[in-house]
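# Below are the sequence and a predicted model; questions follow.
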Amino acid sequence: MVACLLFPASSVYGHGFGIDTISSVDIQGKKLSISVEMPMYFENDLNQITITATEDETKENAKNVTFLIGLFHKDEMIFRNYFFAEDGVLSITVNPNNDSEITIHGEQDSLLGAWHGTDSNPLEITGPLFETGGLYNFEIEIRTIDEPTNIIENSGIYNADLSLIETISFIEEDSENNDVEFRSKSYYDTISNFEYNSIEKKVTFEMPFDWSEKQMSHVSVVHVETHFPKDFVEFLPPSYSATVNGIELFKSSVSVDDYTEDDERIVHLVMLQDHLRYLKNEMKKSNDNLPENMLFTLSTSEDTAFPLEAYTKSEDYKVNLSWDPLNVEPGVATNFVFTIRDGRTNDPLRSSDYTFVIIQNGQEIHRVSGMAQVGGEFEKFTFAEDQTGPTIIKFENIRNSGQETEFALVVAPEFGSIAILVLVISIISIIFVTRKSSLNL
């Protein structure tokens, strides 16, 4: 099974999935949204960082924007400079190399020394950039808008975080003292202290994480993968259980992928924002001093996690979801089977109207409304060859109440035209912090 969530297959899985958007930026009475995009790998000299400022009211790009941008990695500053975008879109070509210093190529204005590109001299940054994976922080200020000379003071500092995918190999011993190669792939930040316990059949590792609300407010997903050989029989059960800092993850957070690699099993751990807040509140029950990391455990389990369930925010309704066939491929009709239930009694709700929506890359690819006469129903959909990658299955306006819930699914980009679609995690409302006993963990 495979994992992650939303946004283009070429730039998914990270904090912000390759794009992070800062909303409700107030600049001289205007509300702006600032989006930052960058690739998850820097594989050639044509990669770009794109920063766009959009006016919320008009939905048009802001004009004559000067950005003050600082780029940080592991609390160290990589660069901090002014950049100018006449049309609100700043595109910077990034060319990592072995130079000792970072160099910016382009033109500079005479007011703030802001860098910008021209047809004959495009904007480019070269030097020791993005040498390691993990989380990168963009610290952004707006210094001009509307007019190039309209200088703005104290507009506020805004942060966007994006990740470079990092894969690290670890050699561990099995129960017979044979070496086994594990690989850990992080779409968020760097994995460390990886260990396999052959007696308990358990993997542990950790990753830095800031549990502050300021940071978590724009963390949409945290995703890590654990790879190991398919012939590693002692760690090859039907399913797994997992914890973060001692708090058990929902079963739907843990997905098994036996399809992406011929010789490897991959176990995905994926947590959406509501789940992260749930973990935070559970940790605060025992200690107000939150850790500065995530300590993961992955253990063998005989339990299954199908069907999946998700509640609406009010807890009035619950949706169970499964699909047939189990391995969903482009070009093959898939039945999404679901039941709409009373969130408190778990009884199926007859004559339940709903709108069934499929979203990929932030865009709807399918929408249909229906009526579940006996509470249960199915919707059939066939994914096209190019409809791979992270996917959302959404149930809107359940029983004409305006309430909704959604499930996060993925078609792994590695599969190409034979991608396998699997549910990764259902969005659970933060309201469940007070009702852990009601969740099917």
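Sure, I can see it.

# Can you show me the helices along the chain?
Using DSSP state H, the helices assigned to the chain run over residues 213-216, 273-284.

# Let me have the ones you listed in TSV, extended by distance to residue 332.
For glycine as for every other residue, the C-beta is placed from the backbone atoms N, C-alpha and C. As requested, the helices of the chain are exported to TSV (distance: least, C-beta to C-beta, whole Å):
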stretch	distance to residue 332
helix 213-216	38
helix 273-284	30
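
# from those, which stretch is densest packed?
helix 273-284 (a mean of 19; mean count of other C-beta atoms under 10 Å).

# so how far is that one off the chain centroid?
Distance, stretch centre to chain centre, for helix 273-284: 16 Å (C-alpha atoms, centre = their mean, to the nearest Å).

# Give me the below-cutoff pLDDT ranges for the stretch 101-250 of the chain.
238 (pLDDT under 70).

# which residue ranges form the strands in the stretch 201-350 of the chain?
For the stretch 201-350 of the chain, applying DSSP state E, counting those that start in this stretch gives strands covering 202-208, 221-229, 239-244, 247-248, 254-257, 264-272, 293-301, 308-311, 317-324, 333-342.

# which residue of this protein sits farthest from its center?
residue 110 (40.0 Å; C-alpha atoms, centre = their mean).

# Next one: it from residue 146, what distance?
19 Å (C-beta to C-beta, to the nearest Å).

# And residue 309, by the same measure?
Distance from residue 309 to residue 146, by C-beta to C-beta: 49 Å.

# who's more crowded, these two?
Between residue 309 and residue 146, counting by other C-beta atoms under 10 Å, residue 309 is the more crowded of the two (23 against 14).

# Excluding sequence neighbours, find me the nearest residue to the more buried one.
Leaving aside its chain neighbours, residue 309 sits nearest to residue 320 (5.0 Å; criterion: C-beta to C-beta, 6 or more residues apart in numbering).

# pretty sure the one you found is touching residue 343, no?
No - using C-beta atoms under 8 Å, residue 320 is not in contact with residue 343, being 11.6 Å away.

# circling back: so which of the strands of the stretch 201-350 of the chain comes closest to residue 162?
Residue 162 sits nearest to strand 221-229 of all the strands of the stretch 201-350 of the chain, at 12.3 Å, using C-beta to C-beta.

# Please name the bridge partners of the residue nearest to residue 131 when sequence neighbours are not counted.
Spatial nearest neighbour of residue 131, chain neighbours left out: residue 96 (6.9 Å); criterion: C-beta to C-beta, 6+ apart. On the basis of DSSP bridges, residue 96 is bridged to residue 127.

# show me the contacts for residue 96.
Neighbouring residues of residue 96 by C-beta atoms under 8 Å, 6 or more residues apart in numbering: 42, 126-131.

# Report the separation between the residue nearest to residue 309 and residue 405.
Applying C-beta to C-beta to residue 320 and residue 405 gives a distance of 11 Å.

# Looking at these two, which is more packed in?
Each of residue 320 and residue 405 has its neighbours counted (other C-beta under 10 Å); residue 405 has more, 24 against 20.

# Am I right that that one is in contact with residue 314?
No - here residue 405 does not reach residue 314: they are 10.2 Å apart, not a contact under C-beta under 8 Å.

# Could you list the domains of this structure?
The chain breaks down by automatic domain parsing into domains covering 15-161, 166-301, 308-438.

# which stretches of the stretch 301-441 of the chain have low pLDDT?
302-306, 325-328, 389-391, 408-441.

# Let's see that with 90 instead.
Scanning the stretch 301-441 of the chain with the threshold set as pLDDT under 90 gives 301-315, 318, 320-335, 343-344, 346, 359-363, 382-393, 405-441.

# Give the phi and psi angles for residue 230, as a check.
Per-residue torsions, residue 230: phi -70, psi -20 (degrees, to the nearest 10).

# Residue 291 too?
Per degrees, to the nearest 10, the backbone of residue 291 is at phi -70, psi 170.

# hey, least reliable of the helices of the chain by pLDDT?
Ranked by mean pLDDT, the helices of the chain bottom out at helix 213-216, with a mean of 84.

# what's the burial count for the residue nearest to residue 398 when sequence neighbours are not counted?
Closest residue to residue 398 apart from its sequence neighbours, by C-beta to C-beta, 6+ apart: residue 317 at 5.0 Å. Residues near residue 317, counting by other C-beta under 10 Å, number 24.

# Give me the distance from stretch 175-190 to the chain's centre.
Per C-alpha atoms, centre = their mean, the centroid offset for stretch 175-190 relative to its chain is 22 Å.

# what does stretch 192-205 give?
25 Å.

# can you check stretch 342-360 too?
For stretch 342-360 - counting by C-alpha atoms, centre = their mean - the centre lies 25 Å from the chain centre.

# So which bits of it are buried?
By neighbour count with 16 or more other C-beta atoms under 10 Å, stretch 342-360 contains the buried residues 343, 349, 352, 354, 356-360.

# got the end-to-end distance for it?
29 Å (C-alpha to C-alpha, to the nearest Å).

# and residue 91, which of the strands of the stretch 201-350 of the chain is closest to it?
Nearest to residue 91 among the strands of the stretch 201-350 of the chain is strand 221-229; the distance by C-beta to C-beta comes to 25.7 Å.

# Next, the angle from that closest one to strand 239-244.
If you take axes from the mean of the first three to the mean of the last three C-alpha atoms, to 10 degrees, strand 221-229 sits at 130 degrees to strand 239-244.

# in its sheet, what does strand 221-229 sit against?
strand 179-186 (antiparallel), strand 264-272 (antiparallel).

# and the ones you listed, which is most packed in?
It is strand 264-272: most buried of those by mean count of other C-beta under 10 Å, with a mean of 23.

# So for that one, mean pLDDT?
Here the average pLDDT along strand 264-272 is 88.

# Dump it to PDB, restricted to CA.
Extracted in PDB, the C-alpha atoms of strand 264-272 (Å, rounded to 0.1, in the frame of the first residue of the first chain):
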ATOM      1  CA  GLU A 264      10.900  -4.300  -0.600                       C
ATOM      2  CA  ARG A 265       8.000  -3.800   1.700                       C
ATOM      3  CA  ILE A 266       7.300  -0.100   2.600                       C
ATOM      4  CA  VAL A 267       5.400   0.900   5.700                       C
ATOM      5  CA  HIS A 268       4.000   4.500   5.500                       C
ATOM      6  CA  LEU A 269       3.200   6.600   8.500                       C
ATOM      7  CA  VAL A 270       1.100   9.600   7.600                       C
ATOM      8  CA  MET A 271      -0.500  12.100  10.000                       C
ATOM      9  CA  LEU A 272      -2.700  15.000   8.900                       C
END
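
# and it, how far out from the chain's middle?
That offset, for strand 264-272, works out to 12 Å (C-alpha atoms, centre = their mean).

# Confirm for me that residue 376 is in contact with residue 338.
Yes - Residue 376 is within contact range of residue 338, at 7.0 Å (criterion: C-beta under 8 Å).
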